[in-house]
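Student: 3D, please:
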Amino acid sequence: RYNFGFYVSVDEAGRSQTGTSTAPIGIHILTPYSSNNSADKAQQLSRENMELVILLPPESNFLEEIRQSMQIDKYLRKNDQELNGIYEGIKHAKQEELSNRKKNIITLLQKAVEDADLFIMGDPIATSSHAAADRINEGMNKLVQTVYNKLSYMTTEPTVQTIRAVFQRGNELSFDSKGDSYANKNAVDEANRYIYNESLKVGRITEHSVIDTFTTVPYGFTELDIGWILGALFMQGKISLSINSRVLSALDTPADEITDYLTKLKEYGDKLVIEKKEKASEKTLKVVRDVLRDAFGVQDVTGEDEFI
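Tutor: Just a heads-up that it's a prediction; the model follows:
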């Protein structure tokens, strides 16, 4: 469910992007023509950048096929009109040669990747498969796991429906604030620390700033992940949510409304304000429970402080 954009770079040429143009991770291919075509240089590049570095073997001969193909293609483009008519046979022969060379390039390039050395974060890596595509996929999976090393903090796959369910009455007990385990606890704790630290600096933050932080390295969470996390913190009573100066309440703000605020980023991302909320101490809650029991006859008082 996680799709990370990445760039592709060959030798010292600039990056060509695939996916998002600001992708922090990429594939860097070093051909025999590169000034960095050595294991030491490849290790250094992979250490300095968040890249899967593919060091092709020095005897790779696909480059000569590429050079020949480019010459044929240039010849066909330049002499297209002249090759019509009586030279049509030459044109077809060159076109067939170009097609065969392109197929050969793919075969030779696959062989080069099969024999290549792969590096991530300064270390050589081994792959379980020898096939070129499998080696690249396995290498990229390892790169993602290394760079987005807190992605595993999310242990469920939130949807709009599961986010809405967070706000159902009684779910405050599912997010025990005493430190017991619950789904995505590490992710919730991480977001709680971030909001606390940012609150000390600026006081209030928006949903957008949380999204910008937790969709990038080292988290890589989705917007739905973050919506669920904020919902959990809200139900724990650790943060308050407000929109247009109106403070939301788990008691009287409809679940559908809160869910919309947390999942419709384009509409509400800059409007939904998040503030760190000071929870009432257990001692204070006990006093309130005692008053409710003694003065009003309420015997079973459970839940978070807002509900009490």
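
Student: Check the gap between the residue sitting nearest the centre point of the chain and Ala23 for me.
Tutor: Closest to where the C-alpha atoms of the chain average out (Cα atoms, centre = their mean) is Gly220, at 3.2 Å. Using Cβ to Cβ, to the nearest Å, Gly220 is found at 11 Å from Ala23. Any C-beta I mention is one placed from the backbone N, CA and C, and that applies to glycine too.

Student: Going along the chain, name the helices of the stretch 151-300 of the chain.
Tutor: Shown for the stretch 151-300 of the chain, the helices assigned by DSSP state H, counting those that start in this stretch span residues 160-166, 185-202, 207-214, 223-236, 255-263, 265-268, 282-296.

Student: quick one: contacts for the residue nearest to the residue nearest to the centre of the chain when sequence neighbours are not counted?
Tutor: Of all residues not flanking Gly220 in the chain, Tyr148 sits nearest, at 3.8 Å (Cβ to Cβ, 6 or more residues apart in numbering). Applying Cβ atoms under 8 Å, 6 or more residues apart in numbering, we find Tyr148 in contact with 4, 217-220.

Student: let's see it at 10 Å
Tutor: Remark: with contacts taken as Cβ atoms under 10 Å, 6 or more residues apart in numbering, Tyr148 is in contact with 2, 4, 24-25, 50, 216-221.

Student: next one: Ser16
Tutor: Applying Cβ under 10 Å, 6+ apart, the residues near Ser16 are 7-10, 26.

Student: Can you tell me which of these end up in strands?
Tutor: Among the contacts of Ser16, the residues falling in strands (DSSP state E) are 7-10, 26.

Student: Can you tell me which of those is nearest Leu76?
Tutor: Nearest to Leu76 among the ones in strands among the contacts of Ser16: Val10, at 24.4 Å, using Cβ to Cβ.

Student: Buried only: go through the ones in strands among the contacts of Ser16 for me.
Tutor: Among those, those classed as buried by 16 or more other Cβ atoms under 10 Å are 7, 9-10, 26.

Student: Am I right that Gly14 is in a helix?
Tutor: No - counting by DSSP: H, G, I helix; E, B strand; the rest coil, Gly14 is not found in a helix; it is coil.

Student: Could you count how many residues lie near it?
Tutor: Residues lying near Gly14 (other Cβ atoms under 10 Å) number 8.

Student: Can you give me the distance of it to Gly26?
Tutor: Distance, Gly14 to Gly26, using Cβ to Cβ: 11 Å.

Student: Give me the common contacts of those two.
Tutor: Contacts common to Gly14 and Gly26, judged by Cβ under 10 Å, 6+ apart, are Tyr7.

Student: Roughly how far does Ala255 sit from Asp123?
Tutor: Distance, Ala255 to Asp123, by Cβ to Cβ: 47 Å.

Student: my guess is Gln110 meets Phe62, correct?
Tutor: Yes - counting by Cβ atoms under 10 Å, Phe62 is a contact partner of Gln110 at 9.0 Å.

Student: Comparing these two, which residue is more hemmed in?
Tutor: Phe62 (20 against 15).

Student: returning to what we had before: pLDDT at the residue nearest to Gly220, what is it?
Tutor: pLDDT, Tyr148: 97.

Student: Mind telling me what element the residue nearest to Ile72 when sequence neighbours are not counted is part of?
Tutor: Setting aside the residues directly before and after it, Ile72 is nearest to Leu98 in space (Cβ to Cβ, 6+ apart), at 4.7 Å. In this assignment (DSSP states H and E), Leu98 forms part of helix 88-114.

Student: buried set for the next helix or strand after that helix?
Tutor: Moving toward the C-terminus from helix 88-114, the next helix or strand (DSSP H and E) is strand 117-120. Under the neighbour-count criterion of 16+ other Cβ under 10 Å, strand 117-120 has 118-120 buried.

Student: Can you give the strand pairings for strand 117-120, parallel or anti for each?
Tutor: Applying DSSP bridges, strand 117-120 is found paired with strand 51-55 (antiparallel), strand 123-125 (antiparallel).

Student: What lies in contact with that strand?
Tutor: Strand 117-120 is contacted from outside by 25, 27-28, 30, 39, 41-47, 50-57, 124-127, 135-136, 138-140, 142-143, 145-147, using Cβ under 10 Å, 6+ apart.

Student: on that earlier part again, and for Gly220 and Ala23, which residues touch both?
Tutor: In terms of Cβ under 10 Å, 6+ apart, Gly220 and Ala23 are both contacted by the residues Phe4.

Student: thinking again about what came up before, please produce a markdown table containing the buried ones among the ones in strands among the contacts of Ser16, extended by distance to Ser34 and pLDDT.
Tutor: Putting those into a markdown table (distance: Cβ to Cβ, whole Å; pLDDT from 0 to 100) gives the following:
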| residue | distance to Ser34 | pLDDT |
| --- | --- | --- |
| Tyr7 | 17 | 90 |
| Ser9 | 10 | 90 |
| Val10 | 8 | 90 |
| Gly26 | 15 | 92 |
